[in-house]
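Colleague: sequence first, predicted model second:
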Amino acid sequence: MSVQLWKAALMSPALLGIALTSSAIAVEAPSIEIEAPSVETLDTIAVEEPVQLAQVASVNDLSDVLPSDWAYTALQNLVETYGCIEGYPNRTFRGNQALTRYEFAAGLNACLDVIADLITGGGTDGSTLATIQRLQQEFQAELATLRGRVDALEAETAQLRAQQFSTTTKLRGQVDANLVVPFGNIAATPANPGPDSFTTFNTRVRLNFDTSFTGRDRLRTRLQARDGNAIPTAGGLANGGSDSGPGNLNVALDDFFYRFPIGSRVTATLAANSVSKDSFVTSTIVPFDGPSVADPGGPALYDFDMGGDGFGGGLSFQITDSLVFDTGYSAARGGSNNPNQGGIFGANRQSYIAQLSFLPEGFFNAALVYMHGSNNNNNASAFTNTYGALASLDFGRFILAGYFAHHDESGTPRSTDSWQIGAAFPDLFLEGSELGVYYASLPSYNSRPYMVEGYYAIPVSRNLTLTPALIYGNLDRNSAVDVNNFYGAIRATFTF
């Protein structure tokens, strides 16, 4: 195919240049107020003879166009390559003069004539056309195959559109399986082995239906099933995994909330189930939240003695690109929807949270958090106040992070502290992997539980992650008895 034919496809910028030449000059020219012409002047304009434009063979024929002009090269190309520039009878171009509709039509017509000639074959010689015909015959079979594939794709696309699940909803699933092996014997008496003396296996399955109506909102409906025994009196890891909990693989509605923007910097959340505490915050800062196998990687300050998980509502304010203020309230299920149990704002189990987060792109992330809530069904006045600070230092190859929190209960009164410190090594040996080690002093009014965990999240494939972990500590929050134990665990996470 000749160069001229390709140039025809590129004529649109040239035509646009013709149309915008006068307007570009007009921007540079000073603004001048002109009085409206009188009726006599309008009559004079109406009967004025039109100016006859003449085709220019070379840009040098235009006496008022110089090589120093900023549009000289463009004019030269339009004249010598396409032959569609016309000048005034006195061989002037008048580049600084406003363009009339008639002059624009004349120039446009000249350029369209050139394009039409190129398209109809005037710009393509016989040898090029013969080459095109020969290639069509040579690749006739391949072209027919491609045509068949395109037809099949079109039919498959039409079938998918007709049978698609939803135009607004995406289905995402996750399956977690945990194997925990204790290396010790936690028992009430030496002859009576405790529950953390035996190997356990538990699972959790989630199906998330994420719906968006505007592209910026999300309605989440989550179905969940899990199994696991109640947390043992001694120990706690047998059911203390970050993704396990009591159940018998009965499918239940878990998350049910709607998150939507209000303007450009405010996001609102309304929930009917399972949204409270750290569900309202933009970030929990520490890198262990998610990859860790044991629940205290969470971190644990968000969950201590707080109610909620029923009706919830929150707002997130994007103060600046790096500063976010999150706030939320949640009442317990059974209380928020039952007027006999206090309703939304009178439930015995409820929680409030406010967090200010500093989340720049660089080295340092941090947050200040305050929570007020009760997890006591029998004493609504026994509220726990939590004051906490979280920080993360990203050194590139590793992240140093942790938190400190003070908890006090107003009804007793009594208080306790909790804290966490650790390091994470993202993309260690494998892209997408994470090695993490942290120590957590867990909050408790009755004892001093603690835990040390080391884990390594390994992305086996796009849809499978294996996370072996070694865990040691005293996880009993209800007794002053020292019940240290050592555990080996492995978690398999499937996503689809």
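Modeller: Ah, there it is. Residues are numbered from 1 along each chain as shown.

Colleague: nearest spatial neighbour of Leu223, skipping sequence neighbours?
Modeller: Nearest-residue entry for Leu223: Leu207, 4.6 Å, with adjacent residues in sequence omitted and distances by CB to CB, 6 or more residues apart in numbering. No exception for glycine: its C-beta is placed from N, CA and C like everyone else's.

Colleague: domain parsing for the protein?
Modeller: 3-124, 165-495 (automatic domain parsing).

Colleague: worst average pLDDT in these?
Modeller: Out of the domains of the chain, the stretch the model trusts least by mean pLDDT is domain 3-124, with a mean of 62.

Colleague: report the longest helix in this structure, please.
Modeller: The helix that spans the most residues within the chain, counting by DSSP state H, is helix 140-163.

Colleague: for the residue nearest the centre of the chain, which three-state class applies?
Modeller: Using CA atoms, centre = their mean, the residue of the chain that lies closest to the mean C-alpha position is Arg216, 9.8 Å off. Put simply, Arg216 is coil when judged by DSSP: H, G, I helix; E, B strand; the rest coil.

Colleague: so it sits against Gly263, correct?
Modeller: No: using CB atoms under 8 Å, Arg216 and Gly263 do not qualify as a contacting pair, with a distance of 11.0 Å.

Colleague: can you tell me the helix or strand for Leu179?
Modeller: strand 169-182 (DSSP states H and E).

Colleague: show me what counts as buried in that strand.
Modeller: Within strand 169-182, the residues that count as buried by 16 or more other CB atoms under 10 Å are Gln174, Val175, Asp176, Ala177, Asn178, Val180, Pro182.

Colleague: again with stretch 105-116
Modeller: When burial is assessed from 16+ other CB under 10 Å, stretch 105-116 yields the following buried residues: Ala106, Gly107, Ala110, Cys111, Val114, Ile115.

Colleague: do stretch 386-396 as well
Modeller: The neighbour-count check on stretch 386-396 (16+ other CB under 10 Å) flags Thr386, Gly388, Ala389, Leu390, Ala391, Ser392, Asp394 as buried.

Colleague: still on that earlier bit, turn the buried residues of strand 169-182 into CSV, columns for distance to Gln76.
Modeller: Putting the buried residues of strand 169-182 into CSV (distance: CB to CB, whole Å) gives the following:
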residue, distance to Gln76
Gln174, 64
Val175, 68
Asp176, 69
Ala177, 73
Asn178, 75
Val180, 79
Pro182, 85
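
Colleague: Ala106 contacts Gly87, correct?
Modeller: No: checked against CB under 8 Å, the pair Ala106 and Gly87 is beyond contact range at 10.8 Å.

Colleague: strands along the stretch 251-400 of the chain, start to end?
Modeller: Using DSSP state E, counting those that start in this stretch, the strands found in the stretch 251-400 of the chain span residues 252-262, 266-273, 309-318, 323-332, 350-358, 364-374, 384-394, 399-409.

Colleague: got it, and the stretch 1-150 of the chain?
Modeller: Along the stretch 1-150 of the chain, the stretches classed as strands by DSSP E, counting those that start in this stretch are 54-55, 86-87.

Colleague: which among the strands of the stretch 251-400 of the chain is found nearest to Gly343?
Modeller: Distances from Gly343 to each of these were compared using CB to CB; the minimum, 7.9 Å, belongs to strand 323-332.

Colleague: show me what that closest one is packed against.
Modeller: In terms of contacts (3 or more CB pairs under 8 Å, 6 or more residues apart in numbering; DSSP states H and E), strand 323-332 is packed against strand 309-318, helix 343-346, strand 350-358.

Colleague: pull that strand out as PDB, backbone CA atoms only.
Modeller: Output in PDB follows, covering the C-alpha atoms of strand 323-332 (Å, rounded to 0.1, in the frame of the first residue of the first chain):
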ATOM      1  CA  LEU A 323      -5.100  11.900  56.000                       C
ATOM      2  CA  VAL A 324      -8.300   9.900  56.600                       C
ATOM      3  CA  PHE A 325     -10.800  10.100  59.500                       C
ATOM      4  CA  ASP A 326     -13.000   7.100  60.000                       C
ATOM      5  CA  THR A 327     -15.900   6.800  62.400                       C
ATOM      6  CA  GLY A 328     -18.600   4.100  63.000                       C
ATOM      7  CA  TYR A 329     -21.200   2.700  65.300                       C
ATOM      8  CA  SER A 330     -22.500  -0.900  65.600                       C
ATOM      9  CA  ALA A 331     -25.100  -2.500  67.800                       C
ATOM     10  CA  ALA A 332     -25.500  -6.200  68.500                       C
END
